[in-house]
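> Generate coordinates for the sequence data below:
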Amino acid sequence: MKSNFSYDLIIIGGGISACVFSSKFLQKNVSKKIALIEVGRGLGGRSSTRISKRFKGWKLNHGAPNFNISKSNDNLLLKNYIDDLLEKKLIKSDDSELTSLGDISELQTIKKSEFYCGESYLSSFSMSELSQKIIEFNNFGDKIDLFFKTLIVDLNFNNDEWTLKSKNGHKFKSKYIICSSNLLLHKRSLKILNTNQIPLRKAIPKNKDKKIDRLFNLLDKQSFIPRLTFLIYSNENYSYKDFYSKKYRYFYLKKNLENKFKFERVIFQLQDNNKLGIVVHTKNIDFINSYINTNDEDIFKQKIFANFNELFRNNTSVNQLTFNEGISIMKWRASQPSGCAVPLSLQFSKKYRIGFCGDWFDGNGFGRIEGSILSALTLAKKFQI
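Prediction:
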């Protein structure tokens, strides 16, 4: 059923950046009404949680299971926000075991890289629940309406007002919008939305706003790292060889092993029912294409189990899989940005009443949750209705 909606502010995307911005905005605008529109079925974006319909009782963080803040002391805005999340007990320090599969010296390389330096944190809940809790903390009077499984396909700016249309026929109106996802600004939208013009470029023609033009030029140079995630639901008898009891256990493959086994990282996640879930990530493009082009998904799944068992054959902590475990495969459409980052100075256009946030902005956290949070905090500080 098609419907028309009107709001003070519309936020496109439901990742952690959108949730942080929503919460900070409501803190100063308690009377404003907000819509948050997300194409997925829940909050979190790439730091979300799969609650399986097929495998009951499982919650697997299938994107980022934790996050690190590399240089919070360099930015008081970020430091204060992380301290606030800790004080509210929404997050906690992550002291889980981190192991590199390769020679011993590689572990030091991991800890010094941009992804694994600084402080690491876990959600006190699941990652999707963290996004939900962040919103709820300042959502007094239920001022945010959440629209899931809703894909915006068309935008129009006329008479200082935005009109957005979704694939399922809904129409949204607002004086201001925030894009936390850059799908509607990026050339990848042409294929994903099956359109011949980038939606936001259609709404804001070239040479109408220098800031917007520069943003488009930079995004044209930005690419994305595709990924597959394999979610393995172990049987009730599966456990570690040793007595490790923490919720998470991380294994990262050095380059030669990643090329051989096609896995980027393997993350064990202890469930509330004490079963072990295993989340395997790959960014190997040949492996991804072989899955996309396969005529027999069962054979591909068996290959994943075989690679896993060969990888951990002589490991002193990880048991072999029996090939009787359940498995589901997720292909990321919106994956990690790479290449050219967008300066934070381009976050807001007063003329077009539009703001931007997400991990696609420049800084220490480019491509990571740190960047998502920082860009949302920065935008909230400069954004006024």
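> alpha carbons only for contacts and neighbour counts from here, please
Fine.
> Quick one: the helices in the stretch 201-350 of the chain, in order.
210-219, 255-261, 285-292, 297-311 (DSSP state H, counting those that start in this stretch).
> tell me, how many neighbours does Ser3 end up with?
Ser3 has 9 neighbouring residues, counting by other CA atoms under 10 Å.
> separation between it and Lys167?
Distance, Ser3 to Lys167, by CA to CA, to the nearest Å: 12 Å.
> cool, and Lys175?
Lys175 sits 21 Å away from Lys167, going by CA to CA.
> and these two? which has more neighbours close in?
Using other CA under 10 Å as the criterion, Lys175 and Lys167 rank with Lys175 on top: 20 against 14.
> Flag the shaky bits of the chain, pLDDT-wise.
In the predicted model of the chain, residues 1, 71-73, 103-115, 333-334 satisfy pLDDT under 70.
> if I read this right, Arg313 contacts Gln320, doesn't it?
Yes: contact criterion CA atoms under 8 Å: Arg313 and Gln320 qualify, at 7.0 Å.
> And the two? Which one has more around it.
Per other CA under 10 Å, whichever of Arg313 and Gln320 has more neighbours is Gln320, with 19 against 12.
> Not counting sequence-adjacent ones, nearest residue to the more buried one?
In space, Gln320 comes closest to Asn309 once its chain neighbours are excluded; the distance is 5.3 Å by CA to CA, 6 or more residues apart in numbering.
> Run a quick neighbour tally on the one you found.
Using other CA under 10 Å: Asn309 sits among 18 other residues.
> Check the gap between it and Ile37 for me.
Going from Asn309 to Ile37 by CA to CA gives 41 Å.
> With Ser100 instead?
For Ser100 relative to Ile37 (CA to CA), the value is 38 Å.
> What of Gly45?
Taking CA to CA, one finds Gly45 at 12 Å from Ile37.
> Mutual contacts of the two, please.
Gly13, Gly14 (CA atoms under 8 Å, 6 or more residues apart in numbering).
> Against which helices or strands is the host helix or strand of Asn80 packed?
Secondary structure from DSSP states H and E places Asn80 in helix 76-87. Using 3 or more CA pairs under 8 Å, 6 or more residues apart in numbering; DSSP states H and E, the elements in contact with helix 76-87 are helix 369-382.
> could I get the helices of the stretch 201-350 of the chain as CSV with distance to Pro65?
Output for the helices of the stretch 201-350 of the chain, formatted as CSV (distance: least, CA to CA, whole Å):
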stretch, distance to Pro65
helix 210-219, 27
helix 255-261, 20
helix 285-292, 21
helix 297-311, 20
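> Which one of these lies nearest to His186?
helix 210-219 (6.2 Å; CA to CA).
> residue contacts, Thr229?
The contact partners of Thr229, taken as CA under 8 Å, 6+ apart, are His62, Gly63, Val279, Val280, His281, Thr282, Ile329, Met330, Lys331, Trp332.
> which of the residues you listed lies closest to Lys187?
Set against Lys187, the nearest of these by CA to CA is Trp332 (16.9 Å).
> Look up the closest residue to that closest one, ignoring the ones flanking it.
Closest to Trp332 by CA to CA, 6+ apart is Arg227, at 5.6 Å.
> Can you read off the backbone torsions of that neighbour?
The phi and psi values for Arg227, taken as degrees, to the nearest 10, are phi -140, psi 150.
> who's in contact with it?
Contacts of Arg227 (CA under 8 Å, 6+ apart): His281, Thr282, Lys283, Asn284, Ile288, Lys331, Trp332, Ser335.
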